[in-house]
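> Mind folding the following:
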Amino acid sequence: MARTKGNFADWAATLRKPVTVKQSAVARVRGARIRELAPGSRGWGGRGGGAAALVPSVTEYRGTTVQVCGLWPFSSGASSPMIGVPLGRHEETQATVCCDPISWFQRAQLISNPSAFILGKPGLGKSTLVRRMFLGLSAQGVYPLVLGDLKGEHIKAVKALGGQIISLGRGVGYLNILDPGQAVEVAQLLQANGHHEAATRVRADAHGRRLNMVVSLITISRNNPPTDQEQTILDRALRVLDDRFEGVPVLKDLLDVIISAPDELRQVALDRGDMTVYLQETRALEATLLGLTGGGKLGEIFSRQTTNPMKRDRAVVFDVSSIDETETDLQAAVLLACWSYGFGTVNVANALADAGLEPRRNYFVVLDELWRALRAGKGIVDRVDALTRLNRSVGVGQIMISHTMSDLLALPAEEDRMKARGFVERSGMVICGGLPASEMPLLTSAIPLSRQEQQKLIGWQDPPAWDSRGVDVEPPGRGKFLIKVGGRPGIPVRIGLTSIEQDEGLNDTNTRWSKPAESLMEAASPQLPVDGGTP
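Numbering: from 1, shown residues only. Here you go, the predicted structure:
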């Protein structure tokens with residue numbers, strides 16, 4: 001019986017096995033059918049399906065929090081600041097990037113002072129970026145001041161704003177560095193309205209700027225700064241000139257005061273009653289001033305009355321494009337004179353606004369080609385530093401432009417190199433375009449840059465493809481900039497031009513190269529008549 005039971009048990013186990021197999025097969029079929037009811041990660045698979053090889057990106061829309069509030073939770077905040085002049089789109093997220101030093105300081109409070117420094121190789125769009133900023137700021141009531149346009153590339157934009165164009169150059173226009181501008185009239189107006197301290201500050205500022213400019217011209221002319229005693233003599237001569245001269249003096253009048261040897265000058269010259277000592281102390285100074293008034297390498301641009309006085313209630317550009325590129329000393333001297341004249345006008349406007357005699361005006365000062373002025377001679381860095389060190393309470397934003405850090409640090413004296421690097425370190429924001437790899441150690445010594453940001457800047461300075469086939473191919477880094485504020489990650493932005501900026505030619509800095517191939521071909525191959533006759 002036991003054996004029969006054992007056979008039955010084996011037979012029963014054998015019968016249960018097929019049943020278990022059939023149930024698992026059914027489960028698999030049912031699971032497959034359930035899975036077929038839902039698409040995969042790339043769409044419906046199988047016969048008649050439409051699986052996509054690439055998943056298309058979702059269309060993005062931008063709006064205010066009031067407009068997109070009903071789309072929650074599918075909305076997200078912008079990854080870049082939205083306060084300031086719209087520059088373009090973020091290179092990675094395609095978000096709109098708004099930036100300018102005044103808005104980021106005043107409204108967004110992202111930087112500690114309203115200043116910026118732009119670095120980048122030529123031809124990558126530094127001037128276009130600056131124009132976009134001052135065009136946008138002008139719509140907000142800020143007056144742009146381009147203090148020295150060496151290439152004439154900002155003239156069209158300032159003219160479109162209804163601004164003032166001041167042309168300087170040999171036989172084109174003159175700028176009297178001893179002209180106090182509107183400081184005398186404004187000081188008298190402040191005095192008449194009871195603002196005695198403000199009037200005194202305006203006169204002192206005008207005197208200091210004139211003295212600083214005379215010393216700068218002497219430094220450029222000699223390639224060496226004047227001695228301390230010569231600067232003391234110049235300071236006293238300017239005061240004597242203001243007391244005794246009626247009208248606006250010029251450099252020739254300053255030279256006449258030194259030659260006449262008044263008692264005030266002989267006292268500071270320490271001649272102790274010996275005229276020979278005075279002549280010996282002032283001989284070199286007279287020779288330099290004679291060169292500035294009678295020609296020399298700086299010409300007569302600064303020795304005559306100002307031909308076109310600057311106005312303080314509109315945009316202004318100083319057009320110095322008529323000065324040849326080879327006259328580096330003259331270019332540096334003109335830039336310093338324009339900066340001094342412009343900052344003096346700004347201080348006058350602020351003094352009137354503080355006294356309640358005029359409405360408050362904010363200015364956006366553009367200092368282009370900074371490296372030219374710094375290389376003019378020893379001691380010029382101190383003069384530039386004295387001119388450009390603006391206080392946050394002045395209500396002036398400024399932007400400095402140069403090519404590379406090497407331009408700023410290519411100075412013979414170590415103290416000058418440290419001060420030049422301070423221009424970058426003190427800026428509220430640093431905007432970098434394409435730069436060579438050799439610039440990275442110098443740049444990272446002033447501002448922190450990650451390795452990825454350095455590679456991005458190096459890649460932007462590459463030239464376009466070799467096989468351009470005569471088509472205007474832009475280099476990969478044109479219009480691309482990295483905005484750095486302190487140790488924060490940089491914001492890579494690509495400048496987007498509007499139709500007005502493109503059609504009106506506001507950003508065409510190569511006007512003298514327009515269509516060179518057509519003119520050359522027309523000159524090389526004469527046109528044959530249609531009937532086959534003689535051309």
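> all strands for this structure, in order.
Counting by DSSP state E, the chain has strands at residues 86-90, 96-98, 115-119, 142-149, 164-167, 316-319, 362-367, 396-402, 429-432, 480-484, 491-495.
> In a markdown table, list the ones you listed along with mean neighbour count.
(Glycine included, C-beta is placed from N, CA and C.) Listed next are the strands of the chain as a markdown table, based on neighbours: other CB atoms under 10 Å:
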| stretch | mean neighbour count |
| --- | --- |
| strand 86-90 | 19 |
| strand 96-98 | 21 |
| strand 115-119 | 26 |
| strand 142-149 | 26 |
| strand 164-167 | 20 |
| strand 316-319 | 26 |
| strand 362-367 | 24 |
| strand 396-402 | 24 |
| strand 429-432 | 25 |
| strand 480-484 | 24 |
| strand 491-495 | 21 |
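> and of those, who's closest to Ala204?
Among the strands of the chain, the nearest to Ala204 by CB to CB is strand 396-402 (18.7 Å).
> got the angle for that closest one vs strand 362-367?
20 degrees (axes from the mean of the first three to the mean of the last three CA atoms, to 10 degrees).
> which secondary structure elements does strand 396-402 contact?
helix 101-106, strand 115-119, helix 126-138, strand 362-367, helix 370-374 (3 or more CB pairs under 8 Å, 6 or more residues apart in numbering; DSSP states H and E).
> quick one: strands adjacent to that strand?
strand 115-119 (parallel), strand 362-367 (parallel) (DSSP bridges).
> Now distance to Ile166 too, for those, in TSV please.
What follows is the strands paired with strand 396-402, written out as TSV (distance: least, CB to CB, whole Å):
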stretch	distance to Ile166
strand 115-119	23
strand 362-367	14
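> now for the ones you listed, which one comes closest to Arg421?
Here strand 115-119 is closest among these (CB to CB), at 10.7 Å.
> Centre of the chain to the closest one, how far?
5 Å (CA atoms, centre = their mean, to the nearest Å).
> Not counting it itself, show me its contacts.
Strand 115-119 is contacted by residues 100-101, 126, 129-130, 390, 397-405, 423-424, 426-433, 435, 439, 443, 481 when judged by CB atoms under 8 Å, 6 or more residues apart in numbering.
> Report the angle between that strand and strand 480-484.
Going by the same axes, to 10 degrees, strand 115-119 makes 140 degrees with strand 480-484.
> how many degrees apart are strand 115-119 and helix 126-138 in direction?
Here strand 115-119 runs at an angle of 160 degrees relative to helix 126-138 (the same axes, to 10 degrees).
> circling back to that earlier point, who wins for proximity to Glu327 among the helices and strands packed on strand 396-402?
helix 370-374 (10.5 Å).
> Report all helices and strands that that closest one contacts.
Short answer (3+ CB pairs under 8 Å, 6+ apart): helix 370-374 packs on helix 328-354, helix 380-388, strand 396-402, helix 405-409, helix 414-425.
> what's the least confident stretch among those?
Ranked by mean pLDDT, those bottom out at helix 380-388, which scores a mean of 69.
> returning to that earlier point: would you format the helices and strands packed on strand 396-402 as CSV with mean pLDDT and distance to Val85 included?
Putting the helices and strands packed on strand 396-402 into CSV (pLDDT from 0 to 100; distance: least, CB to CB, whole Å) gives the following:
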stretch, mean pLDDT, distance to Val85
helix 101-106, 90, 7
strand 115-119, 90, 12
helix 126-138, 91, 3
strand 362-367, 89, 10
helix 370-374, 76, 22
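> Export stretch 264-282 to CSV, keeping only CA atoms.
The C-alpha coordinates for stretch 264-282 follow below in CSV (Å, rounded to 0.1, in the frame of the first residue of the first chain):
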residue,chain,number,x,y,z
GLU,A,264,55.0,135.1,-5.2
LEU,A,265,56.8,132.8,-7.6
ARG,A,266,60.3,133.9,-6.5
GLN,A,267,59.4,133.0,-2.9
VAL,A,268,58.4,129.4,-3.7
ALA,A,269,61.4,129.1,-6.0
LEU,A,270,63.7,129.9,-3.0
ASP,A,271,65.9,132.2,-5.0
ARG,A,272,66.6,134.3,-1.8
GLY,A,273,66.8,137.5,-3.7
ASP,A,274,69.1,136.1,-6.4
MET,A,275,67.4,136.4,-9.9
THR,A,276,70.0,134.0,-11.3
VAL,A,277,68.7,131.2,-9.1
TYR,A,278,65.1,131.8,-10.1
LEU,A,279,66.1,131.7,-13.8
GLN,A,280,67.9,128.5,-13.2
GLU,A,281,65.0,126.9,-11.4
THR,A,282,62.5,127.8,-14.1
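> distance between it and the chain's centre?
For stretch 264-282, the distance to the chain centre is 47 Å (CA atoms, centre = their mean).
> Quick check: closest non-adjacent residue to Gly477.
Nearest non-adjacent residue to Gly477, counting by CB to CB, 6 or more residues apart in numbering: Trp460, 2.7 Å away.
> neighbours of Val68, just the number please.
Val68: 14 surrounding residues under other CB atoms under 10 Å.
> Hmm, Ile495 and Thr128 touching each other?
Yes: if you go by CB atoms under 8 Å, Thr128 and Ile495 touch, sitting 6.0 Å apart.
> Can you check which residues contact both of the two?
With CB under 8 Å, 6+ apart as the test, Thr128 and Ile495 both reach Gly479.
> dump the residue contacts of Phe245.
Asp253.
> try 10 Å
For Phe245, the residues meeting the contact criterion (CB atoms under 10 Å, 6 or more residues apart in numbering) are Leu178, Asp253, Leu254, Asp256, Val257.
> from those residues, which would you call buried?
Leu178, Asp253, Leu254, Val257 (16 or more other CB atoms under 10 Å).
> wait, doesn't the first one sit right on Leu255?
No: contact status for Leu178 versus Leu255: not in contact, 11.0 Å apart, counting by CB atoms under 10 Å.
> In contact with Gly397, which residues?
100-106, 113-116, 133-134, 137, 142, 144, 362-366, 390, 428 are the contacts of Gly397 under CB under 10 Å, 6+ apart.
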